[in-house]
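J.: What shape does this take:
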Amino acid sequence: MKIKEYYKKYNELKKDPKKKSLLFLGFYIIFFIILIALIRMNNNTSHGNEYEDYKNGSNSSFSIKNILNNNYSFNYIVNLDNTNHIYSGTCSSNGYCLFDSNNIKYFKLNDEDFFKFDVLWTKCDNPMLFYDFFNYKEVSYILSDAYVDSTTSFGDGNYEYKLLISTNNLNKIIFNKDTDYDETPNNIILEADSSREVNKIKYNLDNYCKLNNLCKNNLSVEIDYDNFGGIKDIENPVK
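T.: Numbers count the residues shown, from 1 in each chain. Here you go, the predicted model:
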């Protein structure tokens, strides 16, 4: 239909009061649909949508390939209500870890089986507090679900990444539990070398621990990695 025919049809509709009312009603409906669509598009591209972004996660340029290889020395520090719990040791590519805490030697056979040495190796409960933040498999899920808030490069070639993650996301990863807390995010800081390989992770988990009643005041977790790929296979001492 040509433009003149559209215009003629429009004039005919205007002469009929009922059709004129329907015409204006249709116009307003289309107007509001377009307006709502524009508002949503603006929200999706605005800074104010960062809360949704950090809940949904965001891709980034850092790498945790060395951590996923599970061959390194480590220093794992949990600060729970201002008390430090320190675990230092090594992990090898065969999945075993040897570490010390409070002058006690421990052996990790797998994620479920731990042993401590007191004259003999005896089975024990997992001594690592908040183990999910150390376990490289869970670390991968956590960082994948976190939103990169900022990236800083330094003169020596190293990088720092600041990430945000919601307690709801953490609860899903760690407890397989769906929660809907309206809360401020937890913070993660990653330190990486010039190849963007992460060698240090610092978690500030105050909101996570309070909402889940896991602490009274505060929780922070820090992991320092070193000697990637340099650990010989650890032998199983409890065969």
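
J.: which stretches of this protein form strands?
T.: According to DSSP state E, the chain carries its strands in the segments 72-80, 83-91, 97-101, 104-108, 114-118, 120-124, 147-153, 159-165, 186-192, 198-204, 219-226.

J.: so which of these comes closest to Y141?
T.: strand 159-165 (10.5 Å; Cβ to Cβ). To be clear about C-beta, it is placed using only N, CA and C from the backbone, and glycine gets the same treatment.

J.: What strands line up against the closest one, and which way round?
T.: Note on strand 159-165: by DSSP bridges, its sheet partners are strand 147-153 (antiparallel), strand 186-192 (antiparallel).

J.: Which stretch among those strands is buried most, on average?
T.: Mean neighbour count (mean count of other Cβ atoms under 10 Å) peaks for strand 186-192 among the strands paired with strand 159-165, with a mean of 20.

J.: May I have that strand as PDB, with CA atoms only?
T.: This file holds the C-alpha atoms of strand 186-192, laid out as PDB (Å, rounded to 0.1, in the frame of the first residue of the first chain):
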ATOM      1  CA  ASN A 186      32.000 -10.100  48.800                       C
ATOM      2  CA  ASN A 187      35.300  -9.000  47.500                       C
ATOM      3  CA  ILE A 188      38.100 -11.000  45.800                       C
ATOM      4  CA  ILE A 189      41.600  -9.600  44.900                       C
ATOM      5  CA  LEU A 190      43.800 -11.600  42.500                       C
ATOM      6  CA  GLU A 191      47.400 -10.900  42.000                       C
ATOM      7  CA  ALA A 192      48.900 -12.100  38.700                       C
END
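
J.: Can you get me the start-to-end distance on stretch 201-216?
T.: Stretch 201-216 has an end-to-end distance of 23 Å (criterion: Cα to Cα, to the nearest Å).

J.: Would you indicate which residues of that stretch are buried?
T.: Using 16 or more other Cβ atoms under 10 Å as the test for burial, stretch 201-216 gives 201-212, 215.

J.: Could you do stretch 121-138 as well?
T.: Using 16+ other Cβ under 10 Å as the test for burial, stretch 121-138 gives W121, P127, M128, L129, F130, Y131, D132, F133, F134, N135, Y136, E138.

J.: closest to S150 among the residues you listed?
T.: F133 (21.3 Å).

J.: Need the per-residue pLDDT for that closest one.
T.: At F133, the model reports a pLDDT of 97.

J.: Fine, thanks again, bye for now.
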